[in-house]
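Q: with the sequence up front, the predicted model follows.
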4 protein chains.
Amino acid sequence: MAVAEPHTPTRRRALRADAIRNREAIVEAAAEVMAEQGAAVDVREIARRSGVGMGTLYRHFPKKEDLVRTVLDQDFSRWAEAARQAAIEAEDPWAALTDFYRQALSGCARHRAIMESFALTWTDPDPTGIPQLRAVLEELRARAAELLRPGVTTDDLVLLLISLGYAAQFTDECRPHMWNRLLLISLDGLRAEHREPLPES
Amino acid sequence: MAVAEPHTPTRRRALRADAIRNREAIVEAAAEVMAEQGAAVDVREIARRSGVGMGTLYRHFPKKEDLVRTVLDQDFSRWAEAARQAAIEAEDPWAALTDFYRQALSGCARHRAIMESFALTWTDPDPTGIPQLRAVLEELRARAAELLRPGVTTDDLVLLLISLGYAAQFTDECRPHMWNRLLLISLDGLRAEHREPLPES
Amino acid sequence: MAVAEPHTPTRRRALRADAIRNREAIVEAAAEVMAEQGAAVDVREIARRSGVGMGTLYRHFPKKEDLVRTVLDQDFSRWAEAARQAAIEAEDPWAALTDFYRQALSGCARHRAIMESFALTWTDPDPTGIPQLRAVLEELRARAAELLRPGVTTDDLVLLLISLGYAAQFTDECRPHMWNRLLLISLDGLRAEHREPLPES
Amino acid sequence: MAVAEPHTPTRRRALRADAIRNREAIVEAAAEVMAEQGAAVDVREIARRSGVGMGTLYRHFPKKEDLVRTVLDQDFSRWAEAARQAAIEAEDPWAALTDFYRQALSGCARHRAIMESFALTWTDPDPTGIPQLRAVLEELRARAAELLRPGVTTDDLVLLLISLGYAAQFTDECRPHMWNRLLLISLDGLRAEHREPLPES
DNA sequence: GATGAATGAGTGTTCATTCAT
DNA sequence: AATGAATGAACACTCATTCAT
């Protein structure tokens, strides 16, 4: 009697749906707290905010590190993708660069943990994280090559992002968008009209 | 004025000398370890390195925060002063600006806690800390006014310092002085030839 | 007796067959893992190995203790029965005793939980467990009475078994069958030629 | 003024005396609980019984394992030494063996953790623990060589001790000293009059 | 005044047991 | 009935701060 089968996919699905909802609640809560306070959060706080017990949290993420990584991977990717989209929608190569930074920095300003993660992933060969970002910047640099001063590397652009990201972050509360000025200044410094060679790193 | 001192002044003096020596040892040790690891250090480590007991440390600094502040005030001042000196010794206003940043960033790269402290003192009205820095940059800006693009504020210069300081710090281990390139770029962006107005913050 | 069953017997039967299969799978898996690791196992591990969910496991055994007891009862009985068989197949009373111990100890060496259980069931009036064992040893003792030193009680034989069982267990990995020597020694100590009276317990 | 010196040994001593008292209280409490319940104790229970806070416990023993080891080393040594003394005071080689076992087993009966430790130290080359014990038994065996059946090894004697120790332990509550009977039996099995060769281990 | 031992709330993590689906 | 996700009380361990000597 197939009807009585307890292993029907439908039933399974039902359970999973609930679990997935919980998992998402956990990730969402974690993302929220981590954006506010960085990665050094009490797991209990995450559990509380997501409305689940400790066990549930640990069922989905056996180590705190796993959750942190998951949130970081997700938020970092979304953030990088949003910035990439902003670049794509721009009209010209320079606007692409500008819009990319503007979008990215706006994200940095709101997410402490993303900024913290740079320190961890800077030397990390993991294809997500910095490398993902570098790839986008590499392309933007290629497209804007003629507008950029000679010798500017992709690493320069990455470091500039991180650097301004930090500024964006901690001015965000008291002086939101003050970083926009710094961005404009720095980008102007990247223009081709500046011929002075950059020092070896 | 000895009149205000109760009991035998001599004894007091002797003890005070000792106490001051201890206090200095504590601050020195704290500065050392905070430069390496930032402000989130185990107080025990500081006591150990300074060769005093926990009680002595807490007699001088009732809260960890007190010690951290003291160290920060001191190191921040020294750091700012060193940068100011570099500026003073420069030949022209632009070199003064450049040398100031170079010296300051070199300091940031080696002192984790100073970087961390920006976040704390950014909004702090305390005359030491950021305001002290701002005063110097204000002067440098005034001297270089004609070379700077219109609309550049002292706050821009302060934020640029903090921003590059962060870059300096975390590239210092793997790519020392990579921040020099970023510095050159940003400063070029500050030159008077750029006429595009900066946005309101 | 179908008369006592409420509702539709057919359905019930079907379900029960399934339930029984599950129950057996649980017990089997539990037995396996308890032999390896003792009774202090994660219940999840048992559920995993038996291929059932936690709910099913707890439906059959509301407390972990219930499952442990069930497994112990079963494995203990089988183990005792195997030893009894070895005794039955022996040629003479002394060989019966020897073979019983050899078989039993060989079982102890391979089943951690059985050894652990002695501590629990030693004082347990439950007819399975120790009493079951005692009954067999009582019979073996009776048959070998003339070969045994005066005053040897069944309890002595039971305790000897447990004692050697422990030795068997923890030498099994590094020095398998080293316990055989101890068994021979102890049994020789039980021979009738030793007339020295045993102390009151 | 040397009188004021805060680093005088006397002061140091004073503090240490207190600390040592605490340390001893911790070890004592731990030994007590571990004798009752084995090594798997809640550290909080130890802290509670010794009347100190968690921090104090962890100051003296940075890891639970450290405390467990300390207690085990101490109690094992005392226990082994007590047994050795009993052997020394005996009148003849056989009595030495008997008294050694009696004393040792009496200790086993009262100390769960010592019994547990056998499993850990059985293969441990550490000079404390089993090897210490083996050395004593080696000597007792040598002295009683002529009275022992041929082929008895020191390892046999060690394993016999552990084996009977287990029996002693779990009969101690309900049937104290029942193990005395088993000891007599086993030792009789070791006597020279038994010529049957022991199997290879 | 100096010392460093003592304190205990808080942190990451596990696991027997319950419950919604 | 079966599933496995959810629960939360423990547990080992850390560290800013206090206190007896």
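A: Received it, and whenever you're ready, just let me know what you need.
Q: going forward, measure contacts and count neighbours with C-alpha atoms only.
A: Noted.
Q: can you pull out the helices in chain A?
A: Remark: helices assigned in chain A by DSSP state H are A:9-37, A:43-50, A:54-60, A:64-88, A:93-110, A:112-121, A:130-143, A:154-171, A:179-189.
Q: buried sites along stretch A:172-184?
A: A:172, A:177-184 (16 or more other CA atoms under 10 Å in any protein chain shown).
Q: and it, end to end?
A: Stretch A:172-184 has an end-to-end distance of 17 Å (criterion: CA to CA, to the nearest Å).
Q: ok, and what's touching that stretch?
A: A:101-102, A:109-110, A:164, A:167-168, A:171, B:123, B:156, B:159-160, B:189, B:198-201 (CA atoms under 8 Å, 6 or more residues apart in numbering or on different chains).
Q: list buried residues within the residues you listed.
A: A:101-102, A:109-110, A:164, A:167-168, A:171, B:156, B:159-160, B:189, B:198.
Q: pick out the most distant pair among these.
A: Within the buried ones among the contacts of stretch A:172-184, two members stand farthest from each other by CA to CA: A:Arg110 and B:Gly189, at 25.9 Å.
Q: and the pLDDT for A:Phe170?
A: The model reports A:Phe170 with a pLDDT of 80.
Q: list the contacts of it.
A: A:Phe170 neighbours (CA under 8 Å, 6+ apart): A:109, B:119.
Q: how close does it get to chain D?
A: 37 Å (CA to the nearest CA, to the nearest Å).
Q: just A:Ile162 next, same as before
A: On the measure of CA to the nearest CA, A:Ile162 and chain D end up 40 Å apart.
Q: now the residue positioned nearest the centre of chain A, nearest residue through space, not along the chain?
A: By CA atoms, centre = their mean, chain A has its centre lying nearest to A:Phe76, at 2.4 Å. Leaving out its chain neighbours, the residue that sits closest to A:Phe76 by CA to CA, 6 or more residues apart in numbering or on different chains is A:Ile114, at 6.4 Å.
Q: again with A:Ile185
A: Excluding its sequence neighbours, the residue lying closest to A:Ile185 (CA to CA, 6+ apart) is B:Gly189, at 4.6 Å.
Q: so who does the one you found touch?
A: A:184-190.
Q: what would the residues you listed look like in a markdown table with pLDDT?
A: Output for the contacts of B:Gly189, formatted as a markdown table (pLDDT from 0 to 100):
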| residue | pLDDT |
| --- | --- |
| A:Leu184 | 96 |
| A:Ile185 | 97 |
| A:Ser186 | 97 |
| A:Leu187 | 97 |
| A:Asp188 | 97 |
| A:Gly189 | 97 |
| A:Leu190 | 97 |
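Q: with respect to B:His194, which of those is nearest?
A: Closest to B:His194, out of all of the contacts of B:Gly189 and judged by CA to CA, is A:Asp188, at 7.3 Å.
Q: can you count the residues close to that closest one?
A: Neighbours of A:Asp188 under the rule other CA atoms under 10 Å in any protein chain shown: 24.
Q: report the contact partners of it.
A: B:186, B:188-189, B:194 are the contacts of A:Asp188 under CA under 8 Å, 6+ apart.
Q: try it again at 7 Å.
A: Applying CA atoms under 7 Å, 6 or more residues apart in numbering or on different chains, we find A:Asp188 in contact with B:Gly189.
Q: hmm, stretch A:36-50 in reach of DNA strand F?
A: No. On the criterion CA under 7 Å from any atom of the strand, stretch A:36-50 is out of touch with DNA strand F, staying 7.8 Å away.
Q: close to chain B, is that stretch?
A: No. Applying CA under 7 Å from any CA of the partner chain, one finds stretch A:36-50 separated from chain B by no less than 11.8 Å.
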